[in-house]
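In: A predicted structure for the sequence below; I have some questions about it.
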Amino acid sequence: MKQRIGSYPRVRVEGGGRAVVSQAGGVLLVETVRKAGLDTAISAALAPWRKARAVHDPGKILLDVALAVALGGDCLADVAMLRAEPTVFGSVAFDPTVSRLIDTLAASGEKALRAIRSARAEARQHVWRLADREAPDAGGMVTVDLDGVLVIAHSDKEDAAPTWKRTYGHHPLMGFVDHGPGGTGEPVAALLRPGNAGSNTAPTTSPPPNWPCPNCRRSTGAGAGS
């Protein structure tokens, strides 16, 4: 491990060592966070929710939860896999601290969501600036594809309902920035919906009032889900 820069330690990967590091693939995600500037952006955005003399930064806690999900976790307690590797992920908050932050942000409602979205937008703007002529907006227009995606729930959850595929879960509406035939879609927004939401009930001209990307216009039809 090298010196700490930003929210996470800066590490060097070598193939000739004998020690084994669990979740080493997370280094790629950590470096992506660092290069995009998301760690500093979300830390600043969530600063109002940091209590005096708090040890853990709310932005770092939220990023740790996201990393845990990306590494296969499915609940808040799965940040334990990051906590087990402090040389890779730095100091990781314990479960009660994580839960209290999520409860606090949830109680703040739209204010917290706006703060998180502003941090993501800042990071995206930085990355697109670095991409220069390869950025999705290089041609002066951004194409956003809307698609419904089925998410299976294995137990009763809020808004979970029977789906059109005779499964049980949720049917969120996702927005992806089209990167063209040579790239993959970049997720930019999601609208949570119950599992019984229709496949073709997305707005045809304007997004709904609570759509996380109010300035986006629909450019392709919403898919039938998958």
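Out: Thanks, I have the structure now.
In: which outside residues touch stretch 86-101?
Out: With CB atoms under 8 Å, 6 or more residues apart in numbering as the test, stretch 86-101 has contacts from 1, 4, 7-9, 11, 21, 23-24, 26-27, 30, 49, 55-56, 58, 60-62, 64-65, 67, 76-77, 79-80, 82-83. To be clear about C-beta, it is placed using only N, CA and C from the backbone, and glycine gets the same treatment.
In: try stretch 61-81
Out: The contact list for stretch 61-81 (CB under 8 Å, 6+ apart) reads 7, 22-23, 25-26, 29-30, 33, 38-39, 42, 46, 82, 89, 92-93, 95, 97-99, 101-102, 105, 116.
In: show the buried residues in the contacts of stretch 86-101.
Out: Applying 16 or more other CB atoms under 10 Å to the contacts of stretch 86-101, the neighbour count classes 7-9, 11, 23, 26-27, 30, 49, 56, 58, 60-62, 64-65, 67, 76, 79, 82-83 as buried.
In: before we move on, back to that, narrow the contacts of stretch 61-81 to those in helices?
Out: Judged by DSSP state H, helices contain the following of the contacts of stretch 61-81: 26, 29-30, 33, 38-39, 42, 82, 89, 95, 97-99, 101-102, 105, 116.
In: generate the PyMOL command that creates a selection of the buried members of the residues you listed.
Out: Entered in PyMOL, the line below selects the buried ones among the ones in helices among the contacts of stretch 61-81, by 16+ other CB under 10 Å:
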select buried, resi 26+29+30+33+38+39+42+82+89+97+98+101+105+116
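In: quick one: the residue nearest the centre of the chain from Arg117, how far?
Out: For the chain, the residue nearest the mean C-alpha position is Ala66 (6.0 Å; CA atoms, centre = their mean). As judged by CB to CB, to the nearest Å, Ala66 and Arg117 stand 14 Å apart.
In: same thing with Arg53?
Out: 28 Å.
In: okay, those two: which has more neighbours?
Out: Using other CB atoms under 10 Å, the more surrounded residue of Arg53 and Arg117 is Arg117, with 16 against 5.
In: need the pLDDT of the more buried one.
Out: Listed pLDDT for Arg117 reads 91.
In: same check on Ala112?
Out: The model reports Ala112 with a pLDDT of 96.
In: and what of Pro48?
Out: On the pLDDT scale, Pro48 is placed at 96.
In: skipping its backbone neighbours, what lies nearest it in space?
Out: The shortest distance from Pro48 to any non-neighbouring residue, by CB to CB, 6 or more residues apart in numbering, is to Ala115 (7.5 Å).
In: and the one you found, how far is that from Val92?
Out: Distance from Ala115 to Val92, by CB to CB: 22 Å.
In: and for His154?
Out: With CB to CB as the criterion, His154 and Val92 are 26 Å apart.
In: compare those two (neighbour count), which wins?
Out: Val92 (22 against 9).
In: run through the protein and note the low-pLDDT ranges.
Out: Applying pLDDT under 70 to the chain flags the ranges 1-6, 13-22, 183, 200-226.
In: just the helices in it please.
Out: Taking DSSP H as the test, the helices found in the chain are 26-36, 38-45, 58-70, 80-83, 86-89, 95-108, 110-131.
In: nearest to Gly175, out of the ones you listed?
Out: Comparing those against Gly175 with CB to CB, the closest turns out to be helix 110-131 (12.4 Å).
In: alright, calling it a day.
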